[in-house]
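[1] coordinates only, sequence not included:
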């Protein structure tokens, strides 16, 4: 498969990225590779509000096929079939995300798609882009299997430090990301300080019960 584009977001690392697309209105810029920058390739795309992205999971190669994985939402203590999960550790490292198309920008380097709701790391390679069709792709009565009821209520987020001016305009997005609890679900140490790379800063926080406290924000 060929990489047709790359997406650029505020997350240089996996830690902290929302676990599913659409949970947070995280902005992203999709820039096409040189071979695919013909404006004709996106003709008509502005008529759709949402897009499907097929992309490359950047995970270490494994030896052989592992039929089961340990979903983080189950605390890492139970196994499920790999094809019953969205784990990145699968035979082909292909991700699928639904994002909102905010606008199309035409530049000297070709069309750029501005999207929101991305759950992709900065620089992720994209294999394909397809329009989201609500009459065919939306299933309100769909069952959610073992994931039903596993989503926690959002955490309360407080800032014990001042937010830098450069980050102030992204405060609401940052707060939403933190409220979803970026920690692995098997960790619950109220004294442990975590660091999350976001928009050029290292955001340090700790969690006690349902309260997440930001204790430091430093430039990377």
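    On my side now, so go ahead. Keep in mind that what you see is a predicted model, and the values were worked out from it rather than measured.
[2] quick one, phi/psi of residue 59?
    Note on residue 59: backbone dihedrals following degrees, to the nearest 10 are phi -130, psi 150.
[3] identify the residue nearest it in space, chain neighbours excluded?
    Leaving out its chain neighbours, the residue that sits closest to residue 59 by C-beta to C-beta, 6 or more residues apart in numbering is residue 88, at 4.7 Å. The C-beta positions use only the backbone N, C-alpha and C, and glycine is treated the same way.
[4] what about the one you found, how many neighbours?
    Applying other C-beta atoms under 10 Å, we find 15 other residues in the vicinity of residue 88.
[5] what sits against it?
    Applying C-beta atoms under 8 Å, 6 or more residues apart in numbering, one finds that residue 88 lies in contact with 57, 59, 95.
[6] can you turn the buried part of those residues into a PyMOL selection?
    Listed next is the PyMOL selection for buried residues among the contacts of residue 88, using 16 or more other C-beta atoms under 10 Å:
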select buried, resi 57+95
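[7] which one of the contacts of residue 88 is nearest to residue 50?
    For residue 50, the closest of those turns out to be residue 95, at 16.2 Å, with distances computed as C-beta to C-beta.
[8] the residue nearest to residue 59 and residue 99: what is the separation?
    In this structure, residue 88 lies at 18 Å from residue 99, with C-beta to C-beta, to the nearest Å as the measure.
[9] the residue lying closest to residue 22 once chain neighbours are set aside and residue 60, how far apart?
    Nearest-residue entry for residue 22: residue 117, 4.3 Å, with adjacent residues in sequence omitted and distances by C-beta to C-beta, 6+ apart. Residue 117 sits at a distance of 27 Å from residue 60 (criterion: C-beta to C-beta).
[10] these two: which is more packed in?
    Using other C-beta under 10 Å, the more surrounded residue of residue 117 and residue 60 is residue 117, with 22 against 7.
[11] what comes up buried for the helix ranked longest in the chain?
    Ranked by number of residues, the top helix in the chain under DSSP state H is helix 171-179. For helix 171-179, the buried set under the neighbour-count rule, 16+ other C-beta under 10 Å, comprises 173, 174, 175, 176, 177, 178, 179.
[12] just stretch 107-115 next, same as before
    110, 111, 112, 113, 115.
[13] what segments of this protein are strands?
    5-8, 27-32, 50-56, 68-69, 80-81, 94-107, 110-116, 124-131, 156-159, 194-198, 201-208, 211-219 (DSSP state E).
[14] no more questions from me, cheers.
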